[in-house]
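Okay, predicted coordinates and the sequence, questions at the end:
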Amino acid sequence: MLIVDNAIVSDNIVDRCFCCDLAQCKGECCVEGDCGAPLLEEEIPVLEEILPQVKPYMTAEGIAVVEKEGVSALDNTEEPCTPLVNNRECAYVAWGEDGTAYCAIEQAFRDGKIGWKKPVSCHLYPLRIDDFGEFISVNYHEWDICRCAVAKGKECGVPLYEYLKEPLIRRFGEKWYDELLEQVEIFKENQH
């Protein structure tokens, strides 16, 4: 493992390669799972504020869920997460003509309607963050539906820490990421 400030980072972010392959997986990570995407408490008011600009991208079912339940729900550990449509896809899913699940929030961002890309947990996926108060754990979530992303990552030679540079900086800051890179180099040296 790597230690960066108060974060314990799984060392498989160094040797695992990853690169999302939406053409292959069809955005299945936004559809499958036992609960919605984890949300930080401070993201809930952001979702409330941007909802009017995001709604045009959402499905009727997603809008109905958000209007009934609110912009967030609670997962099986009572932590905030995105609400689900029929206990399946995220309420913020939009469907492409080819059946690919897209993020309505991210599409509104890309179209310049909002200035917030999407929940940081979605941006960081396949990394999952657990906050234990005194320390944070950063772990790679290995999931069968991401096999194509692992294959594409290996083909491109892109390790997780490089693929997720932008969301890691978004979550922890530039200084933290620079320190992570130092820890990665030390880890690599110790492997030889």
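Thanks, I have the structure now.

hang on, Val138 in a strand?
Yes - judged by DSSP: H, G, I helix; E, B strand; the rest coil, Val138 forms part of a strand.

what about the closest residue to it other than its chain neighbours, distance to Val184?
Closest residue to Val138 apart from its sequence neighbours, by CB to CB, 6 or more residues apart in numbering: Val9 at 4.4 Å. Every C-beta, even on glycine, is put in place using the N, C-alpha and C of the backbone. Per CB to CB, to the nearest Å, Val9 is found 9 Å from Val184.

okay, the two: which has more neighbours?
When Val9 and Val184 are compared for neighbours, Val9 comes out ahead with 25 against 19, by other CB atoms under 10 Å.

Next one: that one relative to Glu142, how far apart?
Per CB to CB, Val9 is found 16 Å from Glu142.

that older thread, which residues touch the residue nearest to Val138?
Met1, Leu2, Ile3, Ser137, Val138, Leu180, Gln183 (CB atoms under 8 Å, 6 or more residues apart in numbering).

any residues in contact with both of Val9 and Val184?
With CB under 8 Å, 6+ apart, Val9 and Val184 have common neighbours Leu2.

got the buried residues for the worst-scoring helix or strand of the chain on mean pLDDT?
The weakest-scoring helix or strand in the chain, judged by mean pLDDT, DSSP states H and E, is helix 22-25 (a mean of 82). Residues of helix 22-25 classed as buried by neighbour count (16 or more other CB atoms under 10 Å): Cys25.

Which SSE is immediately downstream of it?
Downstream of helix 22-25, the first helix or strand assigned by DSSP states H and E is helix 43-54.

Does anything pack onto that following helix? Which helices or strands?
Counting contacts by 3 or more CB pairs under 8 Å, 6 or more residues apart in numbering; DSSP states H and E, helix 43-54 is packed against helix 104-110.

now the helix it packs on: mean pLDDT?
Average pLDDT, helix 104-110: 96.

In PDB, could you pull the C-alpha coordinates for it?
What follows is helix 104-110, C-alpha atoms only, in PDB (Å, rounded to 0.1, in the frame of the first residue of the first chain):
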ATOM      1  CA  ALA A 104     -27.100  13.200 -17.800                       C
ATOM      2  CA  ILE A 105     -25.100  15.400 -15.400                       C
ATOM      3  CA  GLU A 106     -21.900  14.900 -17.400                       C
ATOM      4  CA  GLN A 107     -23.700  15.600 -20.700                       C
ATOM      5  CA  ALA A 108     -25.100  18.900 -19.300                       C
ATOM      6  CA  PHE A 109     -21.600  19.800 -18.200                       C
ATOM      7  CA  ARG A 110     -20.100  18.900 -21.600                       C
END
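
Alright, that wraps it up for me.
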